[in-house]
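Engineer: Curious how this folds, go ahead:
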Amino acid sequence: MEQETLRERLKSKPDPERLAAEAGADPALLAALLEMAESERTALRYSATKAVRILSGQRPEQVYLHYAAVVPWLRASNSFVKWDGILTLGNLAAVDRENRFAPLYGEYFGLLRDPQMVTAANVVRSAWKFALARPEWEPDITRRLLEVPEIPYLHHGEPSPECNRVLCGHLLDCFDRYFDRAQEQGALLAFAQSQLHSPRKGTAKAAARFLRRHGG
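Structural biologist: Alright, predicted model coming up:
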């Protein structure tokens, strides 16, 4: 598909789920979306990365063929593109038979320390996929995740404890996904205990639910 044709289509704001499904059935469209994600500098770039990200969750093997094209999204100045990169690579964890993620490991999980909470949250949302796909990485992934409550995240340029509370809720969801495979289950139970009285009600409820489920 020619870029100008795709550009005009994206300007019409097509349904991203439908666009992803079409890309899954049409390698030329998928290639065009990836090319646009690399070359475009308008909001259309985000429309392209979003479609690829959705497809990666549905048919990861297809997007895995273009792994190298997704990697630069992690370094994008556009936050939406960066977030799609984080989530897409997470979706590809289970099919990464060539171990392409290994050189990116430190960079990827280093984004937990990005001052923007949403960036860190997307890493947390994806971390369990790597813990399950690569059990040898799980102890280090868990260690890094357990540092999140002490990392400063900014809101309007100032450290925000509420951002940490939100992330703690995401952490509980993440730990729930791989608790049975975790080497340090006691540490995860202790973390959940520490969140039972979180000022954020959703996080406190998630902690209680986690402990009921896992016997803390």
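
Engineer: mind checking which helix or strand the spatially most central residue of the chain is in?
Structural biologist: Central residue of the chain (C-alpha atoms, centre = their mean): L87, 3.2 Å from the mean position. Taking DSSP states H and E as the criterion, the element that holds L87 is helix 79-91.

Engineer: what does A207 give?
Structural biologist: With DSSP H and E as criterion, A207 is part of helix 201-214.

Engineer: from the middle of its chain, how far away would that helix be?
Structural biologist: Taking C-alpha atoms, centre = their mean, to the nearest Å, one finds the center of helix 201-214 at 22 Å from the center of the full chain.

Engineer: And that helix, what does it pack against?
Structural biologist: Judged by 3 or more C-beta pairs under 8 Å, 6 or more residues apart in numbering; DSSP states H and E, helix 201-214 is in contact with helix 161-178, helix 185-194. Quick note: C-beta positions are derived from backbone N, CA and C, even for glycine.

Engineer: Contacts for the shortest one next, please.
Structural biologist: Contact partners of helix 185-194, identified using C-beta atoms under 8 Å, 6 or more residues apart in numbering, comprise 142, 146, 171-172, 175, 179, 182, 207, 210-211, 214-216.

Engineer: mind listing what's buried in that helix?
Structural biologist: For helix 185-194, a neighbour-count test (16 or more other C-beta atoms under 10 Å) marks 185, 187-189, 191-192 as buried.

Engineer: The first one now?
Structural biologist: When burial is assessed from 16+ other C-beta under 10 Å, helix 161-178 yields the following buried residues: 163-172, 174-176, 178.

Engineer: swap in stretch 99-108?
Structural biologist: 101, 108.

Engineer: I'd like to know how far I151 sits from S198.
Structural biologist: Remark: distance between I151 and S198 (C-beta to C-beta, to the nearest Å) = 16 Å.

Engineer: and if you look at F101?
Structural biologist: As for F101, its distance to S198 is 32 Å (criterion: C-beta to C-beta).

Engineer: Run through who's touching the helix or strand bottoming out on mean pLDDT in the chain.
Structural biologist: Lowest mean confidence among the helices and strands of the chain (mean pLDDT, DSSP states H and E): helix 3-11, at a mean of 88. The contact list for helix 3-11, computed with C-beta under 8 Å, 6+ apart, reads 29, 32-33, 35-36, 39-40, 44, 47-48.
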